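# sharing a model that was predicted from the sequence below.
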Amino acid sequence: MRTLRIVLALALALAACSTPAPPSPGDADPREAQLREAQLREAQLREALRAYERAPHDVAAIVWYGRRLAYLGRFDDAIAVHTRGLAVHPDEPHLLRHRGHRFITQRRFDLAVLDLERAASVATEAQLRAIEPDGQPNARGIPLTTLGHNVWYHLALARFLLGDAAGAARDFERSLVHS
């Protein structure tokens, strides 16, 4: 029964991730809000690219450049950026976590599992407990998740999508430890 509840929670979380946010009540025209959002994301991508070009071996610059590409739907480019970063920093859990997440986006679940398992195995306990900045902040602008939560949650999701309910339940429970 516990496994079933965890699997259902994962399924609901997956469904919530794929549902677009409704327009804000203050937006007279949802297309205007979408245009402003797209312009903001493009500006954030340009800023991330500049930071990456200034410090191409800096892990944070690599992570954010890849994240900003992904937020614009450029998943292949994001994976390529994280892959180049991993060539320089092969055991960097943040790069493995984000590339694993992008592999899930592309339905490349086996590759996601490999990256996310590796991220979990190479991360220190302090890294796993560290708050991870949000790319799309909540209404209060307060980051709520840790690297450990994100690694284990995405690993659970990849296993669930591969049909491994027991493995997904186990990893989802691990994500809760780091919440």
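Arrived safely.
# okay, buried residues for the lengthiest helix in the chain please.
Determined from DSSP state H, the single longest helix within the chain is helix 30-54. Buried positions in helix 30-54, judged by neighbour count with 16 or more other Cβ atoms under 10 Å: Arg41, Gln44, Leu45, Ala48, Leu49, Ala51, Tyr52. C-betas here are computed from N, CA, C, even on glycine.
# for Pro137, see how far away the fifth one is.
I take that to be Leu49. 21 Å (Cβ to Cβ, to the nearest Å).
# before we move on, what about Val88?
From Val88 across to Pro137, the span is 28 Å (Cβ to Cβ).
# how about Arg102?
From Arg102 to Pro137 the distance is 20 Å (Cβ to Cβ).
# which residue, neighbours along the chain excluded, lies closest to Val63?
Closest residue in space to Val63, ignoring its immediate chain neighbours: His94 at 5.3 Å, by Cβ to Cβ, 6 or more residues apart in numbering.
# oh sorry, the question was meant for Tyr52
Nearest to Tyr52 is Tyr65, by Cβ to Cβ, 6+ apart, at 4.0 Å.
# okay but the one you found is in contact with His82, surely?
No: taking contacts as Cβ atoms under 8 Å, Tyr65 lies outside contact range of His82: 9.0 Å.
# of those two, who's got more company?
For Tyr65 versus His82, neighbours defined as other Cβ atoms under 10 Å are more numerous around His82 (29 against 26).
# give the contact list for Val113.
Gly100, Leu155, Ala158, Arg159, Leu162 (Cβ atoms under 8 Å, 6 or more residues apart in numbering).
# wait, doesn't the third one sit right on Phe109?
To tie it back to what came earlier, the one meant is Ala158. Yes: counting by Cβ under 8 Å, Ala158 touches Phe109, with 4.7 Å between them.
# still on that earlier bit, so which of Arg102 and Pro137 has more stuff around it?
Between Arg102 and Pro137, Arg102 has the larger neighbour count (other Cβ under 10 Å), namely 27 against 11.
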